[in-house]
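[1] Provide a 3D model corresponding to the input given below.
(2 chains)
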Amino acid sequence: MAEKVLMKGNEAIAEAAIRAGCMHYFGYPITPQTEIAAYMAKRMPKIGGVFLQAESEIAAINMVYGVAGTGLRVMTSSSSPGVSLKGEGISYLAGSDLPALIVNVQRGGPGLGGIQPSQSDYFQATRGGGHGDYHLIVMAPASVQEMADMTAKCFDLSDKYRVPAMILADGTLGQMMEPVVLPEPTDYKPNKPWAVTGTECKRKHNIINSLYLKPEQLEQTNFERYERYKAIEENEPLWEEFMMEDAEVCVAAFGIAARVSKNAIMAARAEGIKVGMIRPITLWPFPKKPFKAAADKCKAFISVELSMGQMIEDVQLATECKRPVTLCNRTGGMIPSPEEVLEAIKKAAGGNK
Amino acid sequence: MATTQILIAGFGGQGVLFTGKCIAYKGLDEGKQLSWLPSYGPEMRGGTANCSVIISDTPVGSPIVSTPDVLTAMNLPSLDKYEDATVKGGKIFVDSTLIDRKVKRTDVDAYYIPATKLANDAGFPNLANMIMMGKMIKEAKMVSMDGMKEALSHVISAKRAEMLEINLKAIEIGYNYEG
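    Residues are numbered from 1 along each chain as shown, chains lettered A, B, ... in the order given. Next up is the predicted model:
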């Protein structure tokens, strides 16, 4: 087995991106994701890659657009307010069918908010974030290992479907260190016939563009893109089921909230409460299937979130509102304690007898 | 013990994050499951800094230590803030050079180490944190002292090899301190 090393989540993302063949990074510092930029600043010049600190988040995302158009793997990272600034550029990436990785290590909002961990950009991430009809592939790591693994996975999926991908993490995961086995470096060779790489006068030139003034054409382009979204929804949902075999209460939580919920579930199990968890690993596509199945077995659902309740809407949709879904949450940079989650589990377990 | 939840707290600059890192690397070398989580708020700049470390034989759930089994307080605000959160039967380590009060709880084991003074006397005034760490390892046993030098070599860069011996010596002073 490869060697385990201790790394911060932010650093694991950066190293994994390089190993996945990403040689271009554009960013602008913001807590709590700055370690990604710092790591790239240190490593990229040594390996012939590009690290560029742009003058703003808006500039950075447009640099990403440029490199993505050439077919190379490219990424940017930021935290909540910075990702809002990138919104326009992300919409352009989606509208031009460009693969790229955007990392959001979330902090409390809205506005400038705070710098402590949050999950309140769930709507922004899963509904697109910018203007227009589009989706991102959104993955939610819950450990430093997953930060590394999902970085590689996001690049692969993004290339495969020509859809920008996002890692939606939070300040805790970005800042914490855990043992991680880094993925083996890949010898990435782009195979993108659509990319703008110079025609050498041998082929018709490619165009990367999101402007369609004829509505019929724009509609057709959107229809075509939604066919790919449909394929992603069919093929790519990922989730983890934890103690769901005999569960009567189902916790829904992702990222750091899932880590806290695991403690609470173990404590509840010790008291004889049959509770389990479905942890969405992809937030878009949302793993509807396990929730739909659980709605037939479980009597209640609890959505545990570091927000005022955003994923809860997807849980309600996926369970088709067959069972009550309650919210156990903290916001603004606060994290629910295992005791708070345990309390919510007890309430849900007792409330519907 | 299957899982030890450790909270190390003090002023920014005392090396509380570094101490946690050393323990984490030692845990890694011993093949344990672990997590290390720093406070990264504005309090780091001159105010209180703290770090959550969990060393376990089973996968770590939440990395946030809100009820420590082991609390190391390197200043009074940290002891005031976290004493009550410590679990019953837990261990509290106090730098008694900087904290002039005793632990009020009677259901925990309290250890008083004049770490800042010991560090000054030994000629490395910046290493009170390592002295505290030595005592923690001795009493809480979340990791062992064997192979400590190797663990430190992950944290201290080869360019500063001379610091490795000094840190090791500071840990030993704490480990052997009886008071």
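[2] so what's residue 139 up against?
    You didn't say which chain, so I picked chain A. A:Met139 makes contact with A:Met150, A:Lys153, A:Cys154, A:Ala165, A:Met166, A:Ile167, A:Leu168, A:Leu238, A:Ile281, A:Thr282, A:Leu283, according to CB atoms under 8 Å, 6 or more residues apart in numbering or on different chains. Heads up, the C-betas are built off the backbone N, CA and C, glycines and all.
[3] nope, chain B please
    B:Lys91, B:Phe93, B:Asp109, B:Tyr111.
[4] which one of the residues you listed has the most neighbours?
    B:Phe93 (27 neighbours; other CB atoms under 10 Å in any protein chain shown).
[5] For the closest residue in space to that one that isn't next to it in sequence, name its beta-bridge partners.
    For B:Phe93, ignoring the flanking residues on the chain, the nearest one in space by CB to CB, 6 or more residues apart in numbering or on different chains is B:Thr72 at 4.4 Å. On the basis of DSSP bridges, B:Thr72 is bridged to B:Ile8, B:Phe93.
[6] Against chain A, how distant is B:Thr72?
    Using CB to the nearest CB, to the nearest Å, B:Thr72 is found at 18 Å from chain A.
[7] The closest residue to A:Gly255 other than its chain neighbours: neighbour count?
    Of all residues not flanking A:Gly255 in the chain, A:Ala140 sits nearest, at 4.8 Å (CB to CB, 6+ apart). A:Ala140 has 30 neighbours, counted by other CB under 10 Å.
[8] ok, and what's touching the longest helix seen in chain B?
    Scanning chain B for the longest helix, with DSSP state H as the assignment, gives helix B:161-176. Contacts to helix B:161-176, defined as CB under 8 Å, 6+ apart, come from residues B:22, B:113, B:115, B:118-119, B:122, B:124, B:127, B:130-138, B:145, B:148-149, B:152-153, B:156.
[9] in it, what counts as buried?
    For helix B:161-176, a neighbour-count test (16 or more other CB atoms under 10 Å in any protein chain shown) marks B:Met163, B:Leu164, B:Ile166, B:Asn167, B:Leu168, B:Lys169, B:Ala170, B:Ile171, B:Ile173, B:Gly174, B:Tyr175 as buried.
[10] from the middle of its chain, how far away would the lowest-mean-pLDDT helix or strand in chain B be?
    Here the helix or strand of chain B ranked lowest by mean pLDDT, DSSP states H and E is helix B:148-155, holding a mean of 91. The chain centre lies 15 Å from the centre of helix B:148-155; the measure is CA atoms, centre = their mean, to the nearest Å.
[11] which parts of it are buried?
    Here helix B:148-155 shows B:Met148, B:Ala151, B:Leu152, B:His154, B:Val155 as buried, counting by 16+ other CB under 10 Å.
[12] residue boundaries of the strands in the chain?
    You didn't say which chain, so I picked chain A. A:4-8, A:24-27, A:50-53, A:74-78, A:101-106, A:137-139, A:165-170, A:177-181, A:239-242, A:249-252, A:275-280, A:282-284, A:300-305, A:325-329 (DSSP state E).
[13] that's the wrong chain, I wanted chain B
    Under DSSP E, chain B gives strands at B:3-11, B:33-38, B:48-56, B:70-73, B:91-95, B:109-113.
[14] Other residues contacting the second one?
    Contact with strand B:33-38 is made by A:6, A:172, A:175-179, B:17, B:20-21, B:24, B:27-28, B:44, B:49-60, B:63-65, as judged by CB under 8 Å, 6+ apart.
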